[in-house]
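give me coordinates for this.
(one chain, ligands or ions: 2)
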Amino acid sequence: MSSTKILLVAAAPLLRAILTSESTKMKIDTLADLYLDQIQDMRSCESQLVKALPKMATAAAHPELKAGFKNHLAETNEQLARLDTILADLGKTAGRKVCEAAVGLVKEGVEMIENATEAQVRDAGLICAAQKIEHYEIASYGCLRTFASLLGREADVKLLDDTLAEEKKANESLTELATTAVNAEALP
Ligand SMILES: [Fe+2]
Ligand SMILES: [Fe+2]
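Ligands and ions are numbered 1, 2, ... in the order given. Coordinates of the predicted model:
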């Protein structure tokens, strides 16, 4: 192999990293920029969850957990639509922003499905993975509704509050199911 070719092969990962970061890089100068950036981040998060939740529902053994994931999938589709409404009103698109936190959190959920060998333990693990996601969403929508309020976007505040309430309720339902049934069933 020629030295030029070796250099090109060696530089490929670096070039790829630069190109990827350029594609998602957006200058954030104002609170309005930050608001858009975080709306796009959650748009990416929710669209990843629309794909992950059916897998979690299929993997869940406890009927209430299975039903809970299916119910939250329906809510997640609504949440995605609310973010699209906000983006359309801003005159913006989802862009190429990728929510890297969701990539990691979903990966952990998939690993739980693959690695847990007992159904009851898998259910306890799925609840744990799902609650990490809900907490990320609660933090994100809490920030977003505050930003929307500061920016005087009252219609957005209403939409974001609806989603925030659903995320909190989803988290509480998971706690309830874990503490009243699933965790105890996972004990040997
Ligand atoms: Fe969500
Ligand atoms: Fe959620």
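
got a list of what the residue most central in space within the chain touches?
In the chain, the residue lying closest to the centroid (C-alpha atoms, centre = their mean) is residue 45, at 3.4 Å. Residue 45 is in contact with 99, 101, 102, 136, 137, 140, counting by C-beta atoms under 8 Å, 6 or more residues apart in numbering. Placement of C-beta: from N, CA and C, glycine included.

how near is residue 75 to residue 114?
To residue 114, residue 75 is 26 Å away according to C-beta to C-beta, to the nearest Å.

the two: which is more packed in?
Counted by other C-beta atoms under 10 Å, residue 75 and residue 114 do not tie: residue 75 has more neighbours, with 18 against 10.

can the helix or strand harbouring the more buried one be said to contact ligand 2?
Following DSSP states H and E, one finds residue 75 within helix 63-90. No. Judged by C-beta under 5 Å from the ion, helix 63-90 stays clear of ligand 2, getting no closer than 5.8 Å.

off-centre distance for that helix?
Put simply, helix 63-90 sits 11 Å off its chain's centre (C-alpha atoms, centre = their mean, to the nearest Å).

near ligand 1, which residues of the protein?
76, 79, 137.

let's go with 8 Å and repeat that
Within the chain, the positions adjacent to ligand 1 are 42, 45-46, 49, 72, 75-76, 79, 133-134, 137, 141, 163, 166-167, 170 by C-beta under 8 Å from the ion.

if anything else comes up later, I'll come back, but that's it for now.
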